[in-house]
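Asker: Mind looking at a prediction? Sequence and model below.
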Amino acid sequence: MTTTEYIPSHSANFSDRPLPELLHYLLENLIASVSADELFLYSFDSSLGHAEALAGFPHEPDESLRPVIESHLAGSETTALLNIEGIHPSSGRMWRISHNEETLGTLVILTHLDFLNIAADHSHVQYCLIIAKLLLQQRRSQDNEIIAHTIQEIANGLSNVMSPQSVIDLVCEHLPSADLSFCGLLLYGPQQESLFGRSFSYLELQGSWSQQHGAGVGLGVRVYLDQYADLLAELHSHKIWHIPDMTTFAPRFDALLRATIKGSKIQSIVFITLEVGEQRLGELIIATQDKATFSVHELNMWLAISKLLALSVMAYVLQESKNLVQRSCAALLDSVTDGIVMVLPSTHTQGNGGASVMTVNSYFSNMFHLSEYKAQGVTLSELIHLMQLPEDVRQELTHTWLSVPLRDPSTQRGEFSMVHPDGYSVIIEWHSAPLQQSQKVMGRIFIFHDVTEDRSASSLRTNFISRMSHELRTPLTSIRGFAQVMIDDLHGQLSPLALE
């Protein structure tokens with residue numbers, strides 16, 4: 001029989017049928033032309049190493065056949081004879097279906113006979129392989145379009161930095177599976193450990209959604225990793241790990257996790273490692289309440305989503321690390337009893353006038369009635385304008401500070417008088433010094449110290465000594481001198497009787 005003689009009689013409506021019906025129809029026609037008992041068609045994803053049964057005739061394949069198929073497809077043979085223990089029929093042959101050296105799937109024919117008497121190049125089989133290849137290509141193309149569309153929708157909703165919970169909320173608006181019962185994002189911690197090459201201590205749930213309880217359930221719960229070394233090693237070797245039946249897997253968890261899994265009625269679960277380069281960030285967990293195998297399409301969807309989430313989580317982790325450093329620096333600066341301003345060069349403007357303020361401490365804010373929010377990010381010239389200063393002092397500081405290059409290694413100092421925001425006169429002494437890192441000047445720091453009390457005490461001491469050295473010639477003169485000093489210093493605070 002020639003290849004053209006094998007074309008099914010109802011091929012006029014062939015392209016109008018849905019894919020499962022087409023595949024079943026294809027196998028039904030083939031089995032009538034070969035001496036076989038069962039035919040199965042699998043799709044295969046080489047990145048996941050996962051085979052998925054798409055069609056079978058006269059029935060769906062036994063699940064125990066899938067590992068055998070995956071093992072053969074992981075190799076390089078185009079066709080292979082099968083001798084499978086534990087199922088009936090146990091003999092058969094499989095044909096790899098490929099396109100541009102990429103494996104799309106396989107056709108499997110089984111027989112109850114000791115040997116399947118079908119040549120590898122059997123014309124009917126070859127025709128079936130051609131049709132199956134076209135259908136698998138079409139299916140993969142459609143799957144890729146759906147994945148790309150979903151990723152685009154999620155990417156459009158992502159801002160620069162989002163919390164893990166916000167990311168999970170966004171993802172669950174575009175659920176790739178209506179059967180999903182739980183989605184969780186766990187981050188390794190503390191993240192600082194990875195900077196020093198140390199192992200993480202725990203996984204912390206920082207984003208969650210469940211069909212039963214909604215968003216945000218269980219946030220902050222930590223799973224400590226010291227008792228799960230073997231499980232982690234297995235997880236990291238898979239990158240994406242699908243466990244279709246939690247019944248046999250649950251005993252590997254502690255009592256609390258087992259109770260949580262049982263209470264949530266989780267039957268099937270997928271772990272996906274989130275990482276950027278060599279930086280391991282966390283784990284994405286998706287689960288269903290059915291003992292069902294996620295399809296290759298769904299696994300690929302979640303794998304693509306996980307790569308997008310990894311970038312978002314990386315941005316979040318870096319921002320949190322930056323915030324931690326800034327909070328530590330702010331706490332340190334606020335403990336200082338002097339006003340402090342740190343200034344860095346600006347990439348947008350030239351000269352000192354364009355240097356931007358990196359931070360100010362709370363003492364500076366109180367001293368010049370200028371909040372940190374208003375001061376941060378402004379240029380040095382704008383900062384001088386915002387500070388509560390007499391106009392002559394403002395002009396003097398503008399000339400002095402802006403005339404010296406920001407990266408000048410020398411120090412500056414000076415002082416000025418002003419009225420404090422609380423209404424009393426103060427004398428401020430200021431110092432300006434370079435900020436250095438690895439012997440390179442990165443910017444400048446300005447320090448403002450209130451010397452009013454020091455100057456008043458010094459003036460009083462000088463005045464007292466001068467007056468006493470002149471007046472100590474006679475006891476009466478000394479007494480009058482002491483009295484005059486007291487009257488001068490306590491003027492307005494003494495009663496008329498005491499003053500008399």
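Answerer: Okay, I see it.
Asker: what's near enough to touch Ile69?
Answerer: With contact taken as C-beta atoms under 8 Å, 6 or more residues apart in numbering, Ile69 is in contact with 42, 44, 51, 94, 106, 108. (C-beta placed from N, C-alpha, C; glycine too.)
Asker: Surely the last one and Leu82 touch.
Answerer: Yes: at 7.3 Å, Val108 and Leu82 qualify as touching, with contact defined as C-beta atoms under 8 Å.
Asker: And the helices in the stretch 51-200 of the chain, which stretches?
Answerer: For the stretch 51-200 of the chain, helices defined by DSSP state H, counting those that start in this stretch occupy the ranges 65-73, 123-157, 164-172, 192-195.
Asker: give me phi/psi at Tyr42?
Answerer: phi -120, psi 150 (degrees, to the nearest 10).
Asker: Just to check, it is in contact with Thr106?
Answerer: Yes: in this structure, Tyr42 is within contact of Thr106 by C-beta under 8 Å, at 5.0 Å.
Asker: Need the residues touching each of those two.
Answerer: Residues touching both Tyr42 and Thr106 (C-beta under 8 Å, 6+ apart): 51, 69.
Asker: Which of the contacts of Ile69 fall within strands?
Answerer: Members of the contacts of Ile69 lying in strands (criterion: DSSP state E): 42, 44, 51, 94, 106, 108.
Asker: and which of those is nearest Lys322?
Answerer: Phe44 (43.8 Å; C-beta to C-beta).
Asker: How about the contacts made by that closest one?
Answerer: By C-beta under 8 Å, 6+ apart, the contact set of Phe44 is 50-52, 69-70, 73, 103-106, 296.
Asker: Bridge partners for Glu415, pull those for me.
Answerer: Under DSSP bridges, the beta-bridge partners of Glu415 are Glu429.
Asker: Could you pull up the residues touching it?
Answerer: 427-430, 451.
Asker: Recalculate using a threshold of 10 Å.
Answerer: 393, 427-431, 448-449, 451, 455 (C-beta atoms under 10 Å, 6 or more residues apart in numbering).
Asker: quick one: it from Glu429, how far?
Answerer: Here Glu415 is placed at a distance of 4 Å from Glu429 (C-beta to C-beta, to the nearest Å).
Asker: and the residue lying closest to Ile285 once chain neighbours are set aside, how many residues sit next to it?
Answerer: Leaving aside its chain neighbours, Ile285 sits nearest to Gly184 (4.4 Å; criterion: C-beta to C-beta, 6 or more residues apart in numbering). Other residues within reach of Gly184 by the criterion other C-beta atoms under 10 Å amount to 23.
Asker: swap in Arg93?
Answerer: 23.
Asker: For it, give the beta-bridge partners.
Answerer: Arg93 forms beta bridges with Leu81, Ile109, as assigned by DSSP bridges.
Asker: before we move on, the earlier item: and Val108 and Leu82? Which one has more around it.
Answerer: Set Val108 next to Leu82 and count neighbours by other C-beta under 10 Å: Val108 wins out with 26 against 19.
Asker: Which residue ranges of the stretch 351-500 of the chain form helices?
Answerer: With DSSP H, counting those that start in this stretch, the ranges of helices along the stretch 351-500 of the chain come out as 362-368, 372-375, 380-386, 391-402, 452-471, 475-489, 496-499.
Asker: Now do the same contact list for the residue nearest to Gln211 when sequence neighbours are not counted.
Answerer: Spatial nearest neighbour of Gln211, chain neighbours left out: Ser181 (4.6 Å); criterion: C-beta to C-beta, 6+ apart. Residues near Ser181 by C-beta under 10 Å, 6+ apart: 209-212, 264-269, 286-290.
Asker: So the residue nearest the centre of the chain: helix, strand or coil?
Answerer: The residue lying closest to the centre of the chain (C-alpha atoms, centre = their mean) is Val313, at 0.8 Å. Classification of Val313 using DSSP: H, G, I helix; E, B strand; the rest coil returns helix.
Asker: quick one: it and Lys322, what's the gap?
Answerer: The gap separating Val313 from Lys322 is 15 Å, by C-beta to C-beta.
Asker: Show me which helix or strand of the protein is least confident by mean pLDDT.
Answerer: Here the helix or strand of the chain ranked lowest by mean pLDDT, DSSP states H and E is helix 192-195, holding a mean of 53.
Asker: Mind giving me the packing neighbours of the following helix or strand past that helix?
Answerer: Next along the chain after helix 192-195, taking DSSP states H and E as the criterion, comes strand 202-210. Where contact means 3 or more C-beta pairs under 10 Å, 6 or more residues apart in numbering; DSSP states H and E, strand 202-210 is packed against helix 164-172, strand 180-189, strand 214-215, strand 222-224, strand 279-288, helix 296-334.
Asker: let's see 7 Å
Answerer: helix 164-172, strand 180-189, strand 222-224 (3 or more C-beta pairs under 7 Å, 6 or more residues apart in numbering; DSSP states H and E).
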